[in-house]
Structure formats: structure tokens, C-alpha cells
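Student: What follows is a predicted structure for the sequence shown.
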Amino acid sequence: MIVTVTMNPSVDISYPVDILKIDDVNRVENVSKTAGGKGLNVSRVIKQMDGELIASGILGGSLGAYIIDQLNDENVPNRFLKIDKESRNCIAILHEGNQTEILESGPTLDGGEGDRYFKLFEKLIEEADVITISGSLPKGLSPNYYQRLLQKSHGKDVKILVDTSGEALKQTLLGDKKPFLIKPNTDELNALLEQETTFDIKGLKEALSNSLFDGVEAIVVSMGADGAFAKIQDTFYKISIPEIKVVNPVGSGDATIAGLAMGIDQELSWEEVLKIAMTTGMLNTMEERTGRINKANFKEYFNQVKVEKIKK
């Protein structure tokens, strides 16, 4: 079973307007509100792929209750730590071909609330084969909080996939307990290594061989329309995808994590795992709504993904 962790979920609100009028009234007819956060996108895709999962994290207030109601309506099993503080809204204004975002930072947690989630996480570990940890940390939690979650899995037969960025990712990698898999995109990889990587095979091999990644079983670098590049133990792979019509690319990385988690949970070969991940990522970009795929199209696009093992 897969457990997904979203520490800072949100209600994602989409406001489409023809023209955004500054310092004036903008009226919106078609408002979309969904349970948001990277880990919840992962959860929905796993559910749509008929995977077994529990969605988890921290939420609170009326917005937290709304998120749980939405997950229940979509038959996504969930077990969150509920706090008194209010979860956040994230607003996207779609106008003139642009997307202007207004993102609340969310609640500021204290150490006690972080400790309470540790206890819930320890129980979830006992039920999980694979755990995904996605997105940003709420204010108040230390940047090494994800590393501390990893330490809770010490001695347990569970594989943990981490999809975050910035200091939270760096602290995750600097600790004694390593994640099983990380999935940076090209910008996140550059920021992590504090360098400008040349995204050809030679440059990517050098970047992923950095000592910062020692002990990490798998690194998958998502590269948009160029597919992905992966290092699995000491083997490198180039993954190519077909040209597709992109409707909404937001959440494609989360859908990729969902595919990785499902393939790993099913103990498939790495070639199959990578193909599943690229397929779920592509299918997400072909839908208007974030964290959604059309499973009926899975086989068609799965068969078009090419995984090439790179010679040393």
C-alpha cells in the first residue's frame, strides 16, 4: 500500500476572467475549487489508477474540513492530523493566456503539532510499502522535518519517495537516513547543486554523480517535453516521450510521482516503473483539471515511451 504525505495542503481556487482589470471589479462566473497540494494530486492519480492508498498530512479549520469532504467524495482514503489552525487557499487567476497566482502561506505550526504528526506517521509506516512525501513544509517546522520523518522509518521495510525543493530537499539529503527516490526537475537540480548543469547526457551524468546523492537508490530528473533522465544505483537511463497536446501541465510532476510509487509498490522492473511514471505524467498534462488522468488512454501512451539504458 502507498501512503501519500502532504504537510501543507490547500483549497485551490481557479478564477477564469477574459481580462484582469487592475484596481477595479472582476466578476467571475465559473469558479473551480479543489482539494490541492502536491501530495493530494499524487493521491488522486493513484486512486484513478486503482492503486491502494491512504492520503495523510496536516490540515485544520473549515478549509481542512472542505479538503476532507472532497477526498471522501472522490473515495480517496485519508488519515490527517487535524489542528485548530486554518489551512490555506491558493488562488489562480486565469487571464489573457496568463496565470497569476496568489498563494497563502498557510498555518504556522508549533513543535507540539509537528510531534503529534510524528506519532501518526509512525502508525502509517506499519501499513505502508511505499510512502510519498510531496511539497513544501508549513511555517514553524524545521527544514529538516522530512529528514526526521525518514528517520522514523529506520528498520522498516518501506520505500520513501521525496518530491520537494530548496532547503527542505537539501536537508533531506544531508541526513543519515536517505530517501529511496527523489524527483527534482531541472531548475530544482540546479538550485540544489548551486550550478548550471548542461542538460545533455554527459552533464546529467556528472550532476547525478555528485556526492550529495550518495545513498539515494534512484534519482529521476523530470525534463518536460524532453522526458526524463534517471540514475538507478549506478545505471543511467534516458526516457523519451512522444509529442502530445498539452492542455494543462500543472501537476504533471505529481502524476509522475504517482506512477513511480505505483510501479515500485508493484515491484516492477525499473524500465516499467519509468514508463508508467512518464505515462501518468503525460496523461495529466492532457486534462484540464490538475491531478487527473484518463486511464483509458494509458496503454496507448505507455507503449510510446522509450527507456534507453546509457552505456558507461
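Tutor: Everything's here; your move.
Student: Now do residue 77 against residue 300, distance only.
Tutor: 29 Å (C-beta to C-beta, to the nearest Å). (Each C-beta comes from the backbone N, C-alpha and C, glycine too.)
Student: Then residue 143?
Tutor: 42 Å.
Student: where are the low-confidence patches of this protein?
Tutor: The chain contains residues with pLDDT under 70 at 312.
Student: Nearest residue to the spatially most central residue of it in space, ignoring adjacent ones along the chain?
Tutor: By C-alpha atoms, centre = their mean, the chain has its centre lying nearest to residue 254, at 3.7 Å. If the residues on either side of it in the chain are set aside, residue 254 comes closest to residue 41, at 3.6 Å by C-beta to C-beta, 6 or more residues apart in numbering.
Student: And for that neighbour, the neighbour number?
Tutor: Using other C-beta atoms under 10 Å, residue 41 is surrounded by 29 other residues.
Student: Would you mind putting the CA coordinates of stretch 153-173 into PDB?
Tutor: Once non-C-alpha atoms are left out, stretch 153-173 reads as follows in PDB (Å, rounded to 0.1, in the frame of the first residue of the first chain):
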ATOM      1  CA  SER A 153      11.300   4.600   9.100                       C
ATOM      2  CA  HIS A 154      14.600   3.200  10.300                       C
ATOM      3  CA  GLY A 155      14.500  -0.600  10.400                       C
ATOM      4  CA  LYS A 156      11.200  -0.700   8.500                       C
ATOM      5  CA  ASP A 157      10.700  -2.300   5.100                       C
ATOM      6  CA  VAL A 158       9.300   0.800   3.400                       C
ATOM      7  CA  LYS A 159      10.500   2.900   0.400                       C
ATOM      8  CA  ILE A 160      10.200   6.600   0.700                       C
ATOM      9  CA  LEU A 161       9.900   8.900  -2.300                       C
ATOM     10  CA  VAL A 162      10.600  12.600  -1.700                       C
ATOM     11  CA  ASP A 163       9.400  15.400  -4.000                       C
ATOM     12  CA  THR A 164      10.300  18.800  -2.600                       C
ATOM     13  CA  SER A 165      12.800  21.500  -3.300                       C
ATOM     14  CA  GLY A 166      15.100  24.100  -1.800                       C
ATOM     15  CA  GLU A 167      16.400  23.800   1.800                       C
ATOM     16  CA  ALA A 168      13.900  21.100   2.700                       C
ATOM     17  CA  LEU A 169      15.300  18.800  -0.100                       C
ATOM     18  CA  LYS A 170      18.900  19.700   0.800                       C
ATOM     19  CA  GLN A 171      18.300  18.900   4.500                       C
ATOM     20  CA  THR A 172      16.600  15.600   3.500                       C
ATOM     21  CA  LEU A 173      19.700  14.600   1.600                       C
END
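Student: Now do the buried residues in it.
Tutor: Neighbour-count burial for stretch 153-173 flags 153, 158-165, 168-173 (criterion: 16 or more other C-beta atoms under 10 Å).
Student: again with stretch 111-119
Tutor: Buried, per 16+ other C-beta under 10 Å, within stretch 111-119: 113-114, 116-117.
Student: go on, stretch 18-35?
Tutor: Under the neighbour-count criterion of 16+ other C-beta under 10 Å, stretch 18-35 has 34-35 buried.
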